[in-house]
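**Q** Structure for this input, please:
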Amino acid sequence: MGGPRDHHVVPQFFLRNFATDEARTKVTTLAKEGAVAVWMERSIKGIGYERDFYVHMRGNRPISVETDINRAIETPISRSDTWAKIVARRAAELDLTDRPILYSLVRHLEARTPHYLHTGEELAAMAADPSSKMDFTDEEREMYASIRANPEFGKAIFNAMALHSFADDYDRSLIQVARSPIPLRSSTTPVLPAPAPVHAAMDLPLPSMVPFQRVLAVDPHTLISVVVGDFGGAFVNVEMPIDLAHGFNRSVALQFAQFAKFRHMICGRDRLVEDMTWAPFDLALDTPTKMVFRRRPSPV
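**A** Numbers count the residues shown, from 1 in each chain. Just a heads-up that it's a prediction; the model follows:
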């Protein structure tokens with residue numbers, strides 16, 4: 001198997017939008033290792049990657065799709081006029097012509113991370129659990145049974161999803177740009193599910209599914225959301241209220257604390273102690289260049 005083996009699960013061109021240095025090579029992140037989380041400046045090249053992550057086996061032969069992801073998705077997005085607007089901090093100029101790239105960016109960055117892969121593995125286990133409250137179809141149960149029997153089949157499906165264009169609902173979805181008055185957080189699992197107001201046009205295919213949107217901070221002051229449904233290709237570009245921005249940042253901290261595969265939260269110092277204490281972590285060390293948090297033991 002040729003090609004690079006350290007596969008970035010979040011593109012470096014995306015991470016550079018959150019850089020803290022003029023050369024755009026470093027970001028400040030809170031990194032989680034077990035019960036400890038450490039905030040400090042880190043190299044973009046040194047975060048958000050895993051060895052041979054986009055590899056699956058076909059018989060005895062390893063198949064890597066990392067180069068295909070770069071060629072078919074990353075390069076076209078990073079060279080687009082839409083991305084140029086974002087890099088230049090011209091989010092107010094994003095309009096209907098930018099819908100294809102914004103939609104592709106959100107759906108792609110959702111489907112290529114370790115968290116997404118882990119979620120699929122959890123669903124496969126739930127499909128075999130008779131006490132599970134998830135209402136799987138017979139077709140879904142059959143698919144997940146195949147994945148449990150052959151994990152490489154599951155990894156091949158995941159790699160195919162990382163390359164998928166998700167164009168099926170593009171024309172119907174609502175895409176929103178929200179410009180924030182304060183710096184927004186991101187993570188190495190950059191697309192998060194967030195609650196959304198109930199709307200009859202939403203796609204909610206599973207029983208008891210709650211309305212949600214996929215949200216992505218593409219730079220420290222720009223949030224993109226995609227709501228799948230029959231919205232006729234609507235597009236909105238608005239300023240975000242500050243309380244909503246603070247709420248988004250706190251939700252990033254919460255999901256960072258809750259999920260094992262959220263490994264780096266990209267963030268500054270602002271309100272970090274307050275939100276991590278709520279998450280719940282205790283501050284163990286605080287210097288101008290480094291903060292250390294320890295997870296509070298769960299009450300017995």
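**Q** now the strands for the stretch 1-150 of the chain?
**A** Counting by DSSP state E, counting those that start in this stretch, the stretch 1-150 of the chain has these strands, from start to end: 6-8, 26-33, 36-43, 49-51, 55-58, 61-64.
**Q** just so I know, which of those lies nearest Pro297?
**A** Closest of the strands of the stretch 1-150 of the chain to Pro297 is strand 36-43, at 13.1 Å (criterion: Cβ to Cβ). Quick note: C-beta positions are derived from backbone N, CA and C, even for glycine.
**Q** tell me which strands and helices the closest one is in contact with?
**A** strand 26-33, strand 291-295 (3 or more Cβ pairs under 8 Å, 6 or more residues apart in numbering; DSSP states H and E).
**Q** hmm, 10 Å instead?
**A** strand 26-33, strand 264-266, helix 272-278, strand 281-286, strand 291-295 (3 or more Cβ pairs under 10 Å, 6 or more residues apart in numbering; DSSP states H and E).
**Q** Specify the stretch among these that is closest to His108.
**A** strand 264-266 (18.0 Å).
**Q** how much distance is there from that closest one to the middle of the chain?
**A** Computed by Cα atoms, centre = their mean, to the nearest Å, the chain-centroid distance of strand 264-266 equals 11 Å.
**Q** partner strands of it, parallel or antiparallel?
**A** strand 26-33 (antiparallel), strand 186-187 (antiparallel) (DSSP bridges).
**Q** Rebuild the helices and strands packed on strand 36-43 as TSV, extending it with distance to Phe212, mean pLDDT and mean neighbour count.
**A** Formatted as TSV, these follow (distance: least, Cβ to Cβ, whole Å; pLDDT from 0 to 100; neighbours: other Cβ atoms under 10 Å):
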stretch	distance to Phe212	mean pLDDT	mean neighbour count
strand 26-33	24	96	20
strand 264-266	20	97	25
helix 272-278	21	96	18
strand 281-286	26	97	14
strand 291-295	27	97	18
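**Q** out of these, which comes closest to Tyr54?
**A** Comparing these by Cβ to Cβ, strand 264-266 comes nearest, at 18.7 Å.
**Q** now Ala167: how far from Ile86?
**A** Separation of Ala167 from Ile86 (Cβ to Cβ, to the nearest Å): 21 Å.
**Q** again, but for Leu30
**A** 23 Å.
**Q** From the structure, what's the count of residues near Thr75?
**A** Residues lying near Thr75 (other Cβ atoms under 10 Å) number 13.
**Q** ok, what's across the strand from Leu285?
**A** Listed by DSSP bridges, the beta-bridge partners for Leu285 are Val292.
**Q** give the contact list for it.
**A** Contact analysis of Leu285 by Cβ atoms under 10 Å, 6 or more residues apart in numbering lists Val38, Trp39, Met291, Val292, Phe293, Arg294.
**Q** and the two most separated of the residues you listed?
**A** Applying Cβ to Cβ across these, the maximum distance is between Trp39 and Arg294, 12.6 Å.
**Q** For the stretch 1-150 of the chain, give me the ranges with low pLDDT.
**A** 1-2 (pLDDT under 70).
**Q** which residues of it fall in helices?
**A** For the stretch 1-150 of the chain, applying DSSP state H, counting those that start in this stretch gives helices covering 12-15, 66-69, 75-78, 81-87, 99-111, 114-127, 138-149.
**Q** Would you mind measuring from His115 to Phe158?
**A** Separation of His115 from Phe158 (Cβ to Cβ): 11 Å.
**Q** do Pro211 as well
**A** 26 Å.
**Q** These two: which is more packed in?
**A** When Pro211 and Phe158 are compared for neighbours, Phe158 comes out ahead with 22 against 14, by other Cβ under 10 Å.
**Q** Identify the spatial nearest neighbour of the more buried one, chain neighbours not counted.
**A** Nearest residue to Phe158, sequence neighbours excluded (Cβ to Cβ, 6 or more residues apart in numbering): Leu117, at 5.0 Å.
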